[in-house]
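Trainee: Return a 3D structure for these sequence lines:
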Amino acid sequence: MSFKRIILFVFLIQASVSAVFAQKAVKKLNKIITPEMVYKDMMYLASDELKGRKTGERGNELAAEYIAKEFKSAGVKTVPGMKDYFQQVPFIKFNAIDKGSIHFENHDYKNKADMLVMDGSPIPGKSEEAVYINFGMDEDYSGVDVKGKYALAQSGLPNGGGPQEIFAAMSEKKKWAKEHGAIGLIEIYSLNIPWNLFKNYFSKERLELADGPVNEVGIFHAYLQFPSGQSKPNFEIGKAYPLTAESPSIVNKPVNAVNVIGMIPGKDKMLRDQYVLLTAHFDHIGVNAGHPVGNDTIWNGARDNAWGVVSLLASARYYAKYPPARSILIAAVNGEEIGLLGSKYLADHPVIPWNKVIFDLNSDGAGYSDTTIVSIIGLNRVGTAEEMNEACKIFDLNTFADPAPEQGLFDRSDNVNFAKLGIPAPTFSAGFKTFDAEIGKYYHQAIDNPDNISYGYLHRFTKAFVYAGYLIANMKNAPRWISGDKYEGAGKGLYGY
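Mentor: Residues are numbered from 1 along each chain as shown. Purely as a prediction, here's the structure:
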């Protein structure tokens, strides 16, 4: 037999073995992940009973309890060191105030008009100095004295960043101002988000992660929107400017919330100390009486993101019965809709060392407009395109890489908090190629309820997600970021390659 024929023969044998393996896997998946089970999970998680699963409210707690109950029923184990499936995530609820004013640069700013008070103890209306410190990042305070003065900064981040990154940085900037001795942080508004949208959103009660005792009042924090048509002065870094502020205290209180986390040991003794992380956020945005559809004011969040949680629960049931080589860590995370906060807390407070987690497969999305595809954000960046393509193909689904690139979606879901650590972390989303009218019809709308779901498509999508995780957890070598990726350096630092 010629060398070429030997190669062809070996290839055919390998292909045949692979096909048999896939057929067996499909039979197991079909047995465990039934249409009835997928339907049951969706109908409960996106039901009116849960009132839109808003973080800090009872419906969110009910969703967490349901996920934990299903983990236990499936045989998912608690993570060593955790007493149960719940990771407590400390939030502070801020209640908006109406009054407040700042006199600065010959202009009087009024709260909820061209100024917005975000936090702080009472300010008596005394004239103080405000020192300009660029963007207010930790390094911006080097060589600048702000003790007993206001820190005056540009809003946002030096490198731009998406809305979620900017919102997440707010508490960090406030913390740095406090650590450097400032009596308050005042940010000059210059974000790409229209001022009225920003102001209206943050004029309501909101949640932030607690970075200290919840009953401690934070330092004064406000935004200024310069008068229309007036150019912003060219402030000099380190220079002090006179400023007078007056404001009542912001009232805050603690809010209980959790991430739901479990694990399944791998079956390979050599690889079970490595983990594949599966994530999906289970919160949504609650009840919105101001934007009803008919009499419906509950924003159920069927697509965003009961859909992803259905895949997590299916994974729990399948892997508990058929564990892959590596161990599985499953995390249903909270607070995605308010700045990816539950996954940020988990990233900052690991339940196992992150260098043992080789991959994160996240499931999230705005909805779908194409039931023939799975949209995978980061498909060709994380070293597992072959496995994810195969998992989708076996259920008659094609893959579409990085839809709506102008939206920067990779950095807008929970996967990014793990990518920043260095963990390869794509997002497995329901099928769409762009934010078209079909996506907008349901995205963050009351109409996104379980009656409007294609359950046949959800069933195939769920099995593809589970099988993708299974193939990745069985890879011979751990996946890596592609060369030159923005997170490759973090990966090298985390894993030491």
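Trainee: The residue nearest to A490 when sequence neighbours are not counted: how many residues sit nearby?
Mentor: Nearest-residue entry for A490: G422, 3.6 Å, with adjacent residues in sequence omitted and distances by CB to CB, 6 or more residues apart in numbering. (Glycine included, C-beta is placed from N, CA and C.) For G422, the neighbour count with other CB atoms under 10 Å is 21.
Trainee: and the gap between G422 and I219?
Mentor: Going from G422 to I219 by CB to CB, to the nearest Å gives 33 Å.
Trainee: what's the answer for W176, then?
Mentor: Using CB to CB, W176 is found at 11 Å from I219.
Trainee: again with G162
Mentor: Distance from G162 to I219, by CB to CB: 26 Å.
Trainee: again with L207
Mentor: When CB to CB is applied, the distance between L207 and I219 equals 19 Å.
Trainee: between the two, which one's more packed in?
Mentor: Higher neighbour count among L207 and I219: L207, with 22 against 18, using other CB under 10 Å.
Trainee: would you say L346 is within a strand?
Mentor: No - counting by DSSP: H, G, I helix; E, B strand; the rest coil, L346 is located in no strand; its state is helix.
Trainee: Show me what the nearest residue to it once chain neighbours are set aside is bridged to.
Mentor: Nearest residue to L346, sequence neighbours excluded (CB to CB, 6+ apart): N259, at 5.6 Å. Residues in a beta bridge with N259, per DSSP bridges, are Q87.
Trainee: picking up where we left off before, now do the residue nearest to A490, the pLDDT please.
Mentor: For G422, the model assigns a pLDDT of 98.
Trainee: What residues does it make contact with?
Mentor: 354, 481, 487, 489-495 (CB atoms under 8 Å, 6 or more residues apart in numbering).
Trainee: Flag the shaky bits of the stretch 51-200 of the chain, pLDDT-wise.
Mentor: Residues of the stretch 51-200 of the chain meeting the criterion pLDDT under 70: 164.
Trainee: for it, what spans make up the helices?
Mentor: Remark: helices assigned in the stretch 51-200 of the chain by DSSP state H, counting those that start in this stretch are 58-74, 163-179, 195-202.
Trainee: For D268, which of the ones you listed is the nearest?
Mentor: The closest of those to D268 is helix 58-74. By CB to CB, the value is 20.7 Å.
Trainee: one step back: closest one to D436 among the helices of the stretch 51-200 of the chain?
Mentor: Nearest of the helices of the stretch 51-200 of the chain (CB to CB): helix 163-179, 20.6 Å.
Trainee: Check which residues of the closest one are buried.
Mentor: For helix 163-179, the neighbour count (16 or more other CB atoms under 10 Å) marks 163-171, 173-178 as buried.
Trainee: Closest one of these to I33?
Mentor: Of all those, Q164 has the smallest distance to I33: 30.9 Å, by CB to CB.
Trainee: The residue nearest to L346 - how many residues pack around it?
Mentor: N259: 25 surrounding residues under other CB under 10 Å.
Trainee: The nearest residue to I338 once chain neighbours are set aside in helix, strand or coil?
Mentor: Nearest-residue entry for I338: L207, 5.3 Å, with adjacent residues in sequence omitted and distances by CB to CB, 6+ apart. When classified by three-state DSSP, L207 comes out as strand.
Trainee: Could you check how far L207 is from F94?
Mentor: L207 is 8 Å from F94, by CB to CB.
Trainee: For the stretch 251-400 of the chain, just list every one of the helices.
Mentor: With DSSP H, counting those that start in this stretch as the criterion, the stretch 251-400 of the chain has helices at 307-321, 341-348, 385-393.
Trainee: Chain neighbours aside, what residue packs nearest to L185?
Mentor: A177 (4.1 Å).
Trainee: thought that neighbour was touching M137?
Mentor: No - at 10.6 Å, A177 and M137 do not qualify as touching, with contact defined as CB atoms under 8 Å.
Trainee: Dump stretch 351-369 to PDB, restricted to CA.
Mentor: Taking C-alpha atoms only, stretch 351-369 is exported to PDB below (Å, rounded to 0.1, in the frame of the first residue of the first chain):
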ATOM      1  CA  VAL A 351     -14.100  30.300  44.200                       C
ATOM      2  CA  ILE A 352     -11.200  28.400  42.700                       C
ATOM      3  CA  PRO A 353      -7.900  29.700  41.400                       C
ATOM      4  CA  TRP A 354      -8.400  31.300  38.000                       C
ATOM      5  CA  ASN A 355      -5.200  29.700  36.500                       C
ATOM      6  CA  LYS A 356      -7.000  26.400  36.800                       C
ATOM      7  CA  VAL A 357      -9.900  27.600  34.600                       C
ATOM      8  CA  ILE A 358      -8.900  27.100  31.000                       C
ATOM      9  CA  PHE A 359     -12.000  28.500  29.300                       C
ATOM     10  CA  ASP A 360     -15.200  30.300  29.800                       C
ATOM     11  CA  LEU A 361     -18.200  29.500  27.500                       C
ATOM     12  CA  ASN A 362     -20.700  32.300  28.100                       C
ATOM     13  CA  SER A 363     -24.300  32.400  26.800                       C
ATOM     14  CA  ASP A 364     -26.100  35.700  26.400                       C
ATOM     15  CA  GLY A 365     -27.800  37.700  23.700                       C
ATOM     16  CA  ALA A 366     -30.300  40.300  22.600                       C
ATOM     17  CA  GLY A 367     -32.400  37.700  20.800                       C
ATOM     18  CA  TYR A 368     -32.500  36.100  17.400                       C
ATOM     19  CA  SER A 369     -33.500  36.800  13.800                       C
END
